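1. After the sequence you'll find the predicted model.
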Amino acid sequence: MIDGPYLWLTVLGVLGTGLVAGVFYAFSTFVMRGLAALPPAQGVAAMNAINVAAVMPAFMIVFVGSAVLCAVIGVVTFVLWPGDGKVELLLGSALYLFGSFGVTMVANVPRNDALLKLDPGTPEAAAYWPSYVREWTLWNHVRMVASAGSALAYVLALT
């Protein structure tokens, strides 16, 4: 049984990765559909506003903080953990670090940066918008599943 400070690290890991999974779930299930239903100029402008708002502390503390926490859990587990829950803790850390945080950095952020460079009312923005929505949402599904899988793995480590 996990106890002491390791218990609290794991509980915080469940909360952080679960919260991030919820944010990504909302985007995958209705936010992106709603934005895609708008005319391209409005969709691009709205998504750019969302992307700018996302880098504010309220989200970044949970998103980046969970990555730091997962790294700490992974290192502590690899170095110190005697056995119970070790596989689940390492899996949870890897899922979040690579499947959520890593995918964000290599797939979603570059698309956000490209979209931000476009003037919403231009033909270039209108042409890019459908592929942006499709590709960004696909990678968001990956992030959502990885974050939820991480939370689940941490919960399983606690049982």
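-> Cool, got the structure. This one's a predicted model, so the numbers in the text were calculated from it and none came from an experiment. Numbers count the residues shown, from 1 in each chain.

2. Can you give me the distance of the one residue sitting closest to the centre of the chain to residue 146?
-> Residue closest to the mean C-alpha point of the chain, counted by CA atoms, centre = their mean, is residue 100 at 4.4 Å. Plainly put, residue 100 is 5 Å away from residue 146 if you go by CB to CB, to the nearest Å. (C-beta placed from N, C-alpha, C; glycine too.)

3. again with residue 90
-> To residue 146, residue 90 is 14 Å away according to CB to CB.

4. Setting aside sequence neighbours, what's the nearest residue to residue 6?
-> Distance criterion CB to CB, 6 or more residues apart in numbering; nearest residue to residue 6, sequence neighbours excluded, is residue 76 at 7.0 Å.

5. Can you name the next helix or strand after the one helix or strand that neighbour maps to?
-> Element membership of residue 76 [criterion: DSSP states H and E] is helix 57-80. As assigned by DSSP H and E, the chain's next helix or strand after helix 57-80 is helix 86-94.

6. which residues of the chain score low on pLDDT?
-> Applying pLDDT under 70 to the chain picks out residues 82.

7. What segments of it are helices?
-> 4-26, 32-36, 40-54, 57-80, 86-94, 103, 109-116, 123-158 (DSSP state H).

8. can you put these in CSV and add mean neighbour count?
-> Below are the helices of the chain laid out as CSV (neighbours: other CB atoms under 10 Å):
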stretch, mean neighbour count
helix 4-26, 18
helix 32-36, 16
helix 40-54, 16
helix 57-80, 16
helix 86-94, 20
helix 103, 18
helix 109-116, 14
helix 123-158, 19
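
9. returning to that earlier point: please list the outside residues in contact with the helix holding residue 76.
-> The contact list for helix 57-80 (CB atoms under 8 Å, 6 or more residues apart in numbering) reads 6, 9-10, 12-13, 16-17, 19-20, 23, 53-54, 85-86, 89-90, 92-94, 96-97, 100-101, 104, 150, 154.
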